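Chemist: I would like to see how this sequence folds:
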Amino acid sequence: MCSIPGLAQDSLEIILPRGRGGTPSWRDEMVLIPFVPQIVPTVDTSEGAIYIAPPPGLLDLTYVKEEKVRIKGFLPPAKDD
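Modeler: Residues are numbered from 1 along each chain as shown. Next comes the predicted model:
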C-alpha cells in the first residue's frame, strides 16, 4: 500500500490478493482508494493500520476479471456504405 498525491485528493494504492486464502498470486489487482475522511475515517499510526469504510461498489470483491479475445475470420467483413 502506498499514498499517491493527486490534484483533488490523495489516494491509497491497495493490492487485493486473489490467490487461495488471500495469498498473493498473478491474479492480484490494484485499486485506488480516495484518501478522504468519509472513506478513510481512521489512521492508527501506533498500530500501523488504516481503516476504511468504502461506499458500496468501491471495492467489488466479487468482481471476476474476464479476458476478451477477438478472433478474426469468424465474422463477415463490414459492408461499406
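Chemist: okay, now the unreliable bits of this structure?
Modeler: Along the chain, segments meeting pLDDT under 70 span 1-7, 22, 24, 61-78, 81.
Chemist: mind doing that once more with 90?
Modeler: 1-35, 48, 54-81 (pLDDT under 90).
Chemist: now the strands for it?
Modeler: Counting by DSSP state E, the chain has strands at residues 2-4, 11-16, 29-34, 42-44, 49-51.
Chemist: Pro41 contacts Ala53, correct?
Modeler: Yes - counting by CB atoms under 8 Å, Pro41 touches Ala53, with 5.7 Å between them. Just so you know, the C-beta spots here come from the backbone N, C-alpha and C atoms, and that holds for glycine as well.
Chemist: for Lys79, which of the strands of the chain is the nearest?
Modeler: strand 29-34 (39.7 Å; CB to CB).
Chemist: would you mark the buried spots in that closest one?
Modeler: By 16 or more other CB atoms under 10 Å, the buried positions in strand 29-34 come out as Ile33, Pro34.
Chemist: right, I'll call it a day here.
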